[in-house]
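**Student:** Provide a 3D model corresponding to the input given below.
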Amino acid sequence: RFALAEGGTIFLDEIGDISPAMQARLLRVLQERVYEPLGSVASIKADVRVVAATNKSLSQLVEQRTFREDLFYRIHVVRLELPSLCDRREDLPLLIEHFIGRFNRLKGRDIAGVADDVLARLMEHAFPGNVRELENILEHAFVLCRGSLIELPHLPPHLRTASEAVALRMGQGITLGAMERLLIVDALRRGAEGTGLSVRS
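**Tutor:** Numbering: from 1, shown residues only. Got it, this is the predicted structure:
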């Protein structure tokens with residue numbers, strides 16, 4: 001992979017899950033900028049930019065001694081942290097639109113979107129599985145949906161059972177305008193946290 005990425009960028013996904021042996025090999029590449037191809041005894045100079053991603057806390061893994069501290073500091077040069085989906089609910093409508101467009105192309109369908117009560121239910125969900133969970137939920141809905149709009153019965157069972165509680169809290173006929181207002185108030189409230197300001201809904 002480093003040979004293929006020569007002069008460019010290599011992306012190492014789920015770096016928090018690599019074995020101790022792989023950590024040692026990767027550390028050598030990052031420190032000495034050389035690697036040995038499989039079956040070779042000669043070292044080759046590496047001119048590669050490394051981008052790594054993980055859904056785990058590497059600093060905690062270092063404390064637990066399951067991730068090498070020296071490797072951690074080698075890859076911890078420029079750090080970007082993406083907040084979880086439950087911390088950026090305002091992105092949900094855009095992500096839903098993106099996935100519906102993608103599944104329409106892949107499956108040859110013409111689904112226009114989700115019903116208002118479906119959007120309300122998804123806005124209430126905690127999404128422990130993050131964006132991948134949202135993608136799986138919509139793919140599940142695509143299998144069951146036979147019309148042009150994804151409805152509550154098309155959602156996975158664990159989301160359907162909670163829909164009545166959502167309806168009681170948010171109203172059966174919530175409009176997109178009302179949902180937009182909720183999103184704006186929620187974004188303002190999160191932005192005001194720690195500033196001493198309060199946001200009224």
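**Student:** Distance check, the residue most central in space within the chain against I96.
**Tutor:** The central residue of the chain, meaning the one whose C-alpha is nearest the mean C-alpha position (Cα atoms, centre = their mean), is V131 at 4.0 Å. Here the distance between V131 and I96 works out to 11 Å (Cβ to Cβ, to the nearest Å). Just so you know, the C-beta spots here come from the backbone N, C-alpha and C atoms, and that holds for glycine as well.
**Student:** I10: neighbouring residues, count only.
**Tutor:** Neighbour count for I10, taken as other Cβ atoms under 10 Å: 17.
**Student:** I misspoke; the intended subject was R65.
**Tutor:** Neighbours of R65 (other Cβ under 10 Å): 9.
**Student:** element containing it, please.
**Tutor:** R65 belongs to no helix or strand when elements are defined using DSSP states H and E.
**Student:** Tell me the confidence at it?
**Tutor:** Per-residue confidence for R65 comes out at a pLDDT of 94.
**Student:** Now for A53: which residues touch it?
**Tutor:** When the contact criterion is Cβ atoms under 8 Å, 6 or more residues apart in numbering, the partners of A53 are F11, L12, D13, E14, I15.
**Student:** any idea how far it lies from L12?
**Tutor:** According to Cβ to Cβ, A53 stands 7 Å off from L12.
**Student:** Tabulate the contacts of A53 in CSV, adding columns for secondary structure, pLDDT and neighbour count.
**Tutor:** As requested, the contacts of A53 are exported to CSV (DSSP: H, G, I helix; E, B strand; the rest coil; pLDDT from 0 to 100; neighbours: other Cβ atoms under 10 Å):
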residue, secondary structure, pLDDT, neighbour count
F11, strand, 95, 12
L12, strand, 93, 15
D13, coil, 93, 10
E14, coil, 93, 11
I15, helix, 94, 22
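**Student:** What is the nearest of those residues to S84?
**Tutor:** Checking the contacts of A53 against S84 with Cβ to Cβ, the nearest one is E14 at 16.4 Å.
**Student:** sorry, back to before: do you know the pLDDT at the residue nearest to the residue nearest to the centre of the chain when sequence neighbours are not counted?
**Tutor:** Residue nearest to V131 in three dimensions, not counting chain neighbours: L85, with 5.7 Å by Cβ to Cβ, 6 or more residues apart in numbering. Per-residue pLDDT puts L85 at 89.
**Student:** What does L85 show for phi and psi?
**Tutor:** In terms of degrees, to the nearest 10, the main-chain angles of L85 are phi -60, psi -30.
**Student:** got a list of what it touches?
**Tutor:** The neighbours of L85, taking Cβ under 8 Å, 6+ apart as the test, are D91, L92, L95, F127, N130, V131, E133, L134.
**Student:** my guess is the last one is in a strand, correct?
**Tutor:** No - residue state for L134 (DSSP: H, G, I helix; E, B strand; the rest coil) corresponds to helix; a strand is not indicated.
**Student:** Help me confirm that it comes into contact with I100.
**Tutor:** No - counting by Cβ atoms under 8 Å, L134 sits too far from I100 to count as a contact (11.0 Å).
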